[in-house]
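Novice: for reference, the sequence and a predicted model appear below.
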Amino acid sequence: MLPTQSAGPGAFDQFDLNRVPTPCYVVDEEKIRSNLEILRGIADRSGANLLLALKAFSMWSLSGLIQEYLDGCCASGLWEARLARGKGLAEKSKSKILSTFSPAYRSGEINEICSLSDHLIFNQPDSYGVEQAKNAGVSVGLRINPGISLGLDPKYDPSAENSRLGYPVSQLSDDQISVFDGLHFHNLCEQNFSPLSKTWRKVEAELGNSLNQFDWVNMGGGHHCTREDYDREGLINLLVEVSNKYKVQTYLEPGEAVALDAGILVGEVLDVMNAEKQHALLDVSATCHAPDVIEAPYRPALIGDIDNGNYRYFLGGSSCLTADSFGEYGFDQKLTRGERVAFLDQAHYTMVKTNTFNGVPLPSIALWNSKTDELSIIKEFGYEEFENRLS
């Protein structure tokens, strides 16, 4: 089981959970700004361009704030590219970059993707769409597999054995390199600087002087560079070194780092039951509202969790999936129907992955400012969201 990366409740320790309907994501605008300020500092000192990874965090109601600090977005296909341009997350009029990567592109979508994207990254040298992108004047990049496995779990390790993500760098020829304007690799997941440094040294050893042929190098995401213990000086020094040595523009694609510790998922206890152990049944669901809890798997931190609490409960969701559980938590008093609970660090890879399995309602989305205490319900979802996904 992967460890939670939450640094604790922070300002959410002072938030009244009864202020929002349940289930509900609550995102702290001030914490998002704090993370963005750190990222802007990295960009300014290193000369790198930092792009928001929409696959992790796509809260377009914050587009104005995000555009203040970041240089654009990276998309995983046509719909995310449309969202970036259409919702102001990467406005062309403000010279914001949109970089798109997908392992493969549909023939009916490639022309629109080209029209939206500044960079279009391909998974192998002979991928479908390379010629169309070059003819459209898009800067084309190649994603490589660095061939060094540093991930904490094979499911989240792009360089795991038999990975379909990225062309093996050991097989890359000079002729293949010459087709592309940029190089892309994504080798990390929730990691500090050291794995990035090792990855780059492997890439550099494999490609050597061939790196001089590129206009840009994109080092992907997975960098937890807004975490307190992250070696930001090491990151900045590496980015400056690469830029100066190979005369390239460097890029990073932080996703989680933008929203780290910036959101909670608030739920309500619907019932309590004693099976072999005590269970609290919630209106929030791991499988529907925080799928990584099951897919990773991991046990998310909870506000008020006590390691040696006198009362222990398994907090379970409201779907019929047996595995729909967040894990066991400790409390200093018994839980009762109607009480509120809140899971920490739930802004990223949650809203973007929600589903309505079993007819479980989608959580509302609220925006809170921990500095001003202003709270607004950005969106609420009804039965129509469930009905319209079916036919």
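Specialist: That came through fine. Residues are numbered from 1 along each chain as shown.
Novice: direction included, what does the helix or strand hosting residue 120 pair up with?
Specialist: Residue 120 belongs to strand 119-122 when assigned by DSSP states H and E. Strand 119-122 has its sheet partners listed here by DSSP bridges as strand 97-101 (parallel), strand 139-145 (parallel).
Novice: please compute how far it lies from its chain's middle.
Specialist: Put simply, strand 119-122 sits 19 Å off its chain's centre (C-alpha atoms, centre = their mean, to the nearest Å).
Novice: which other residues reach that strand?
Specialist: Contacts to strand 119-122, defined as C-beta atoms under 8 Å, 6 or more residues apart in numbering, come from residues 97-101, 113-114, 129-130, 133, 138-143, 180, 182, 184, 216, 218. Every residue, glycine included, has its C-beta placed from N, CA and C.
Novice: returning to what we had before: looking at the strands paired with strand 119-122, which is nearest to residue 1?
Specialist: Closest to residue 1 of the strands paired with strand 119-122 is strand 139-145 (C-beta to C-beta; 26.5 Å).
Novice: what strands line up against the helix or strand just after the closest one, and which way round?
Specialist: Downstream of strand 139-145, the next assigned helix or strand under DSSP H and E is strand 167-168. Applying DSSP bridges, strand 167-168 is found paired with strand 139-145 (parallel).
Novice: the closest residue to residue 19 other than its chain neighbours: how many residues sit nearby?
Specialist: What sits nearest to residue 19 in space, not counting adjacent residues and going by C-beta to C-beta, 6 or more residues apart in numbering, is residue 375, at 6.0 Å. Around residue 375 there are 14 other residues, counting by other C-beta atoms under 10 Å.
Novice: list phi and psi for residue 375.
Specialist: Backbone geometry at residue 375, expressed as degrees, to the nearest 10, gives phi -130, psi 130.
Novice: that one and residue 18 touch, don't they?
Specialist: No - taking contacts as C-beta atoms under 8 Å, residue 375 lies outside contact range of residue 18: 11.6 Å.
Novice: what residues are up against residue 377?
Specialist: Contact analysis of residue 377 by C-beta under 8 Å, 6+ apart lists 20-21, 24, 364-366.
Novice: now with 7 Å, please.
Specialist: 364, 366 (C-beta atoms under 7 Å, 6 or more residues apart in numbering).
Novice: the one 4 residues further on too?
Specialist: Contact criterion C-beta under 7 Å, 6+ apart gives 361-362, 364 as the residues in contact with residue 381.
Novice: can you flag which of those belong to strands?
Specialist: Residues of the contacts of residue 381 located in strands (DSSP state E): residue 364.
Novice: now tabulate the contacts of residue 381 in CSV and tack on pLDDT and distance to residue 188.
Specialist: CSV is the format used below for the contacts of residue 381 (pLDDT from 0 to 100; distance: C-beta to C-beta, whole Å):
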residue, pLDDT, distance to residue 188
361, 97, 34
362, 98, 30
364, 98, 32
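Novice: just curious, which of the contacts of residue 381 is nearest to residue 167?
Specialist: residue 362 (37.8 Å).
Novice: of the strands paired with strand 119-122, which is nearest residue 12?
Specialist: strand 97-101 (32.2 Å).
Novice: and that closest one, how far from the chain's centre?
Specialist: That offset, for strand 97-101, works out to 15 Å (C-alpha atoms, centre = their mean).
Novice: quick one: name whatever helix or strand follows it.
Specialist: Next element after strand 97-101 (DSSP H and E): helix 110-116.
Novice: strands of the stretch 151-300 of the chain, start to end?
Specialist: 167-168, 182-184, 216-218, 249-252, 263-274, 278-282 (DSSP state E, counting those that start in this stretch).
Novice: elements contacting the last one?
Specialist: Going back to what we said before, that points to strand 278-282. strand 263-274, strand 311-316 (3 or more C-beta pairs under 7 Å, 6 or more residues apart in numbering; DSSP states H and E).
Novice: can you pull the contacts of the closest residue to residue 27 other than its chain neighbours?
Specialist: Nearest residue to residue 27, sequence neighbours excluded (C-beta to C-beta, 6+ apart): residue 263, at 4.4 Å. Under the criterion of C-beta under 7 Å, 6+ apart, the neighbours of residue 263 are 25-28, 346-347.
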